[in-house]
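A.B. asks: dropping a prediction and its sequence here:
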Amino acid sequence: MWYGLGLVVDDGGMTFWHSGTLEGSTSIVVRDGEVGLTWAALINCRLEPNNDLWDLMLYAARQVRSSNYFCRH
């Protein structure tokens with residue numbers, strides 16, 4: 001895992017993300033190579049640590065990926 005150009009990069013470059021908080025908000029944007037989705041989330045409260053948002057959204061992304069509603073190209 002390494003950090004560069006504002007992104008945390010993992011899985012040999014297949015997964016990368018950036019997350020952060022400001023007073024009253026938490027955000028994250030992820031390209032998840034394991035799940036095969038790119039997603040973003042913004043909520044209007046500050047989570048400490050902001051990994052709580054990561055865990056929630058990763059669970060949701062995996063549910064979408066395993067459903068019949070996932071768009072395959």
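C.D. replies: In hand now; what should we look at? Numbers count the residues shown, from 1 in each chain.

A.B. asks: what ranges do the strands span in this protein?
C.D. replies: For the chain, applying DSSP state E gives strands covering 2-4, 7-10, 15-22, 25-32, 37-43.

A.B. asks: dump those to a markdown table, plus distance to A60, mean pLDDT and mean neighbour count.
C.D. replies: (C-beta placed from N, C-alpha, C; glycine too.) Converted to a markdown table, the strands of the chain look like this (distance: least, Cβ to Cβ, whole Å; pLDDT from 0 to 100; neighbours: other Cβ atoms under 10 Å):
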| stretch | distance to A60 | mean pLDDT | mean neighbour count |
| --- | --- | --- | --- |
| strand 2-4 | 25 | 88 | 9 |
| strand 7-10 | 19 | 92 | 15 |
| strand 15-22 | 15 | 90 | 16 |
| strand 25-32 | 11 | 91 | 18 |
| strand 37-43 | 8 | 91 | 14 |
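
A.B. asks: in a markdown table, list those strands along with distance to W54.
C.D. replies: Shown next, in a markdown table, are the strands of the chain (distance: least, Cβ to Cβ, whole Å):
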| stretch | distance to W54 |
| --- | --- |
| strand 2-4 | 16 |
| strand 7-10 | 11 |
| strand 15-22 | 7 |
| strand 25-32 | 6 |
| strand 37-43 | 9 |
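
A.B. asks: do you know which of those lies nearest D52?
C.D. replies: strand 25-32 (8.2 Å; Cβ to Cβ).

A.B. asks: off-centre distance for that closest one?
C.D. replies: The chain centre lies 4 Å from the centre of strand 25-32; the measure is Cα atoms, centre = their mean, to the nearest Å.

A.B. asks: what sits closest to the spatially most central residue of the chain if chain neighbours are left out?
C.D. replies: What sits nearest the mean C-alpha location of the chain, by Cα atoms, centre = their mean, is V30, with 3.5 Å. Nearest non-adjacent residue to V30, counting by Cβ to Cβ, 6 or more residues apart in numbering: W17, 4.1 Å away.
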